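Colleague: Build me a model from this:
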Amino acid sequence: RNVPQHLLSQFYVAFISNENQNVPVWHQSGGDESQDYVKYWDYHVLLIHLIPPPSQPTYSGPKSVIYDLDSCLPFPIDSQEYISEALRPHKDRISRAHRRLFRVCPAAEYLATLSSDRSHMAASREPPPFYPCIQANRNVKMNLGSFVDMDPTRGPGRVMDIHQFSEFAAGQSAQFFGGNEAAAAAAAAAAAAA
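Modeller: Here you go, the predicted structure:
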């Protein structure tokens, strides 16, 4: 939360889910070893860092990287490699019931608005995370559902399909957010403070 705005604006949070809340991601800890460690999630969360264009014309590094805390792949990993290996956008056998959608939010909006009391984990056999519950607004105990809901007419950020997400993660954020991340973050912060 104490990250300077010029750095925070380079980061985005992506929630992966669908209307069935059943989405495959490969190379996951605890995934099915016989099928490239695929794991089916009700929702999954990634952090994307869009790296600004370098001042050095000879730079050949990644344009963006993805952080996935549950992945067996390198951490962080070049976004295009992650998408190819973990999301497999060209895999022909993904049924309609498992097609993934992505709700992508500027990190500042995510930090200013998400509140989770972990009530959705009550029936889980997994232990809760070691860190405290996320509480962006003291008046809102739980709004995780608005991030996991993939209806594009409501909720924070923008909902994308796998191909739009691939383009976005390739570093084309202005196309999807119109370069207004700072304004969106300021509005979200003001709403959370109210």
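
Colleague: ok, what's across the strand from Val23?
Modeller: Taking DSSP bridges as the rule, Val23 bridges to Trp41.

Colleague: roughly how far apart are it and Val45?
Modeller: Using C-beta to C-beta, to the nearest Å, we find Val23 at a distance of 12 Å from Val45. C-beta here means a position set from N, CA and C on the backbone, and glycine is covered the same way.

Colleague: now do Ile162
Modeller: 16 Å.

Colleague: Please say which of Val23 and Val45 ends up with more neighbours.
Modeller: Higher neighbour count among Val23 and Val45: Val23, with 23 against 18, using other C-beta atoms under 10 Å.

Colleague: From Pro106, how far out is that one?
Modeller: Distance of Val23 to Pro106, computed by C-beta to C-beta: 22 Å.

Colleague: any residues in contact with both of Val23 and Val45?
Modeller: Ile16 (C-beta atoms under 8 Å, 6 or more residues apart in numbering).

Colleague: what sits against Pro76?
Modeller: Contacts of Pro76 by C-beta under 8 Å, 6+ apart are 49, 65-67.

Colleague: And Phe165, by the same measure?
Modeller: By C-beta under 8 Å, 6+ apart, the neighbours of Phe165 are 14, 83, 87, 102, 104.
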